[in-house]
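# any chance you can model this:
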Amino acid sequence: MRRNSAEAADGANGASSHSKPRSVHADKRGSAASMAMALSSKPTPITTPNLRFLIMDAPRQSNLHLYIKECRRNHVTDIVRVCEPTYLGGELTSAGIGLHEMAYEDGHSPPEEVLQRWLNLVEDRFMGPKKDKEATVAVHCVAGLGRAPVLVAIALMEFERMDAVEAVMMIRSQRRGAINEKQLRYLEEYKCRRRTGGGGCGCVIL
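I've put the predicted structure just below:
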């Protein structure tokens, strides 16, 4: 009985001696998980000789400062929000970043009003007389995989003479899982609105 009691005590002591390292590792895993949750997914730059975009998922008010940091690092001048609001715009204004509301329903193609506002913004920032060679336009939806990449693909088709497949392949090569088959079909049937479009865009010649 004494021996069993001693063994039990040793076992308890052994468990106690190992409990601290396990707690430290758990804390490290918890910290890593917290950091991962702080910035849900890394923003994705999409750049060409004429255009610079940053595709993101939707910031929250609690982690907006981290997205602003990423935006500053990528010289973002404007953020286009394509989904319902998940944060206030005051911090962006203070950071010198313009916020543009262009929300449309998930699972649908962008309406004409959104398309015209988007194309006007892209043209003003990258093609106009006041264009900034370092300026970047960030665009986000909820996950940064559907509505936001679709708008970037349209810009590539309109202003870089890409066809739908080229634009989608370029985006997917940088942001895995972007643009589903339904959205790809929409892009393949898309008709360009601007004279600078070309290639397989199906441009309307005015």
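
# now the spatially most central residue of the chain: phi and psi?
Geometric centre of the chain, nearest residue: Met56, 1.2 Å, by CA atoms, centre = their mean. Here is the backbone geometry of Met56 (degrees, to the nearest 10): phi -130, psi 160.

# I figured it hits Val142, correct?
No: using CB atoms under 8 Å as the test, Met56 is too far from Val142 to be in contact (10.4 Å). Just so you know, the C-beta spots here come from the backbone N, C-alpha and C atoms, and that holds for glycine as well.

# between these two, which contacts overlap?
Residues touching both Met56 and Val142 (CB atoms under 8 Å, 6 or more residues apart in numbering): none.

# after the helix or strand of the chain with the lowest mean pLDDT, next one along is what?
Lowest on mean pLDDT, DSSP states H and E among the helices and strands of the chain sits helix 2-38, with a mean of 45. Next in sequence after helix 2-38, counting helices and strands by DSSP states H and E, comes strand 44-47.

# so Val80, which state does it fall into?
Classification of Val80 using DSSP: H, G, I helix; E, B strand; the rest coil returns strand.

# give me the distance between the nearest residue in space to it that is not next to it in sequence and Pro85.
Distance criterion CB to CB, 6 or more residues apart in numbering; nearest residue to Val80, sequence neighbours excluded, is Val139 at 4.2 Å. Distance, Val139 to Pro85, by CB to CB, to the nearest Å: 15 Å.

# mind listing what Gly96 touches?
Thr77.

# that one: what secondary structure?
Classification of Gly96 using three-state DSSP returns coil.

# the residue nearest to Val80 belongs to a strand, doesn't it?
Yes: under three-state DSSP, Val139 sits within a strand.
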